[in-house]
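> sequence first, predicted model second:
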Amino acid sequence: MIVVSSANGIVGIREAVAILRAGGSALDAVEAATRLVEAFPDDHTVGYGGYPNLLGEVELDASIMDGRTLRAGAVGALKGYKHPISIARKVMEELPHVLLVGEGAARFAAEMGFEQENLLTEAAATVYQQGLSGALPEDQRAWLNVGISGNLARLARITADPERASGTVNFIAQDGDGNIASAVSTSGWAWKYPGRVGDSPIIGAGNYADNRYGACGCTGWGELAIRCSTAHSVVLYQRMGFGLEQACRQAMSDLAAAADTTTMNLVAINRDGRPIGMTTVPGRTFVWMTPEMEGPVEEPRVVVDLTTSK
Ligand code: GLY
């Protein structure tokens, strides 16, 4: 048994391990842990307190995958609900679908009895104001209000800030029955174009789990993970016989073919529950914990240099 997460999962990993210790499922463990990060206002890249889109609205993406059945549920561009991971799980359990977005996702959340809340904290709103005007040269700031009411595309190209989204949370757990589940939740790029959906709710891009081979969750520049199917690649390369580290290196190297390669991070396990974290940015860490341990360990991620992989 094990739980692995991105570094910001430290807020929830003990809860996930407690669930496994008590005989709970990997699915319950990753959902409960993700909810704690989603409720944590100081994490500005996930859930409540997340940085908003270009219009100042917090829009959330999340997905959950059951490695035993390959069933999955996801929501994208969801406004007004603090726990997209639980709504994603309901999509998996209650609908013949995998992914709901926008108004449909909000409607489904209300039908399932989730409560609507304001997710924009004062701290996030202040950084939003500064972020937008800070990204524009002084002589163009007056244009900001015109941009907000008119051509958002131009504004998004100048102000959208993927680096503020690198804290997206990943959890992967393997329970006492050997079942693997994975969960990913994010508020996405800060100041993104409204309706932008990243890799987190795209099964195969930011999240994938398969009991037979392992699981992977991504953080970083979601557009890249979508274009290269990064999470599924990690699992597929293991299926093809690669060891865990080699599979992750190969999936990361695949990103180098993209002309605009940038930040990518992943956490993964193999089917034996061995964990790894990998990144393109030196200094990043991930955390993992087993039920035998008193607390989580934080380890450096293996760094890959994509400029030499092209
Ligand atoms: N990886 C999170 C995002 O790009 O939305």
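Received it, and whenever you're ready, just let me know what you need.
> show me the contact partners of stretch 298-310.
The contact list for stretch 298-310, computed with Cβ atoms under 8 Å, 6 or more residues apart in numbering, reads 7, 10, 245, 248-249, 252-253, 255-257, 261, 264-265, 276-288. Every residue, glycine included, has its C-beta placed from N, CA and C.
> average pLDDT for it?
Across stretch 298-310, pLDDT averages out at 87.
> how far out from the middle of the chain is the helix or strand hosting Ala106?
Ala106 is part of helix 102-111 when elements are defined by DSSP states H and E. The chain centroid and the centroid of helix 102-111 are separated by 20 Å under Cα atoms, centre = their mean, to the nearest Å.
> show me which residues of this protein sit near the ligand.
165, 168, 186, 188-189, 198-200, 206, 219-220, 222 (Cβ under 6 Å from any ligand atom).
> distance to Asp42 and pLDDT for these - can I get that in TSV?
Below are those laid out as TSV (distance: Cβ to Cβ, whole Å; pLDDT from 0 to 100):
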residue	distance to Asp42	pLDDT
Ala165	16	56
Thr168	15	93
Thr186	15	97
Gly188	18	93
Trp189	19	89
Gly198	21	96
Asp199	23	97
Ser200	20	98
Gly206	22	98
Thr219	17	95
Gly220	20	92
Gly222	22	93
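> filter the residues you listed down to the ones in strands?
186, 219-220 (DSSP state E).
> now these: which count as buried?
For those, a burial check counting by 16 or more other Cβ atoms under 10 Å picks out 186, 219-220.
> quick one, helices of the stretch 101-250 of the chain?
102-111, 122-135, 143-149, 152-159, 222-228, 230-239, 244-254 (DSSP state H, counting those that start in this stretch).
> any low-confidence regions in the stretch 51-200 of the chain?
For the stretch 51-200 of the chain, the stretches flagged by pLDDT under 70 are 131, 133-150, 159-167.
> of the residues of the chain next to the ligand - the most surrounded one?
Ser200 (36 neighbours; other Cβ atoms under 10 Å).
> so that residue sits against Ala183, correct?
No - in this structure, Ser200 is not within contact of Ala183 by Cβ atoms under 8 Å, at 9.6 Å.
> what's the overlap in contacts for the two?
Joint contacts of Ser200 and Ala183 (Cβ under 8 Å, 6+ apart) are 62-63, 207.
> let me have those in TSV, adding neighbour count as columns.
Output for these, formatted as TSV (neighbours: other Cβ atoms under 10 Å):
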residue	neighbour count
Ala62	35
Ser63	33
Asn207	32
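> what's in contact with the helix holding Ala106?
With Cβ under 8 Å, 6+ apart, helix 102-111 has contacts from 75-81, 87, 90-91, 95, 100, 116, 195.
> buried subset of those residues?
By 16+ other Cβ under 10 Å, the contacts of helix 102-111 give 75-81, 87, 90-91, 100 as buried.
> hey, where'd the strands end up in the chain?
Under DSSP E, the chain gives strands at 2-6, 59-66, 71-79, 99-101, 169-174, 180-186, 207-210, 214-220, 264-270, 275-279, 285-289, 297-300, 302-303.
> out of those, which comes closest to Leu152?
When the strands of the chain are compared by Cβ to Cβ, strand 59-66 sits nearest Leu152, at 13.5 Å.
> compute the inter-axis angle for that closest one and strand 214-220.
Per axes from the mean of the first three to the mean of the last three Cα atoms, to 10 degrees, the angle that strand 59-66 makes with strand 214-220 is 170 degrees.
> note down every partner strand of strand 59-66 and its orientation.
As defined by DSSP bridges, the strand partners of strand 59-66 come to strand 71-79 (antiparallel), strand 180-186 (antiparallel).
> right, and Arg71 touches Met65 too?
Yes - using Cβ under 8 Å, Arg71 makes contact with Met65 at a distance of 7.4 Å.
> what residues are up against Asp199?
205-207, 218, 222-226, 230-231.
> and these, which is closest to the ligand?
Gly222 (2.4 Å; Cβ to the nearest ligand atom).
> contact partners for the closest residue to the closest one other than its chain neighbours?
Leaving out its chain neighbours, the residue that sits closest to Gly222 by Cβ to Cβ, 6 or more residues apart in numbering is Gly198, at 3.0 Å. Contacts for Gly198 (Cβ under 8 Å, 6+ apart) come out as 61, 165, 168, 186, 188-189, 206, 222-223, 226.
> my read: Met278 touches Gln250, true?
No - with contact defined as Cβ under 8 Å, Met278 does not reach Gln250; the gap is 10.8 Å.
> buried sites along stretch 81-97?
Neighbour count says stretch 81-97 has 81-92 buried, by 16+ other Cβ under 10 Å.
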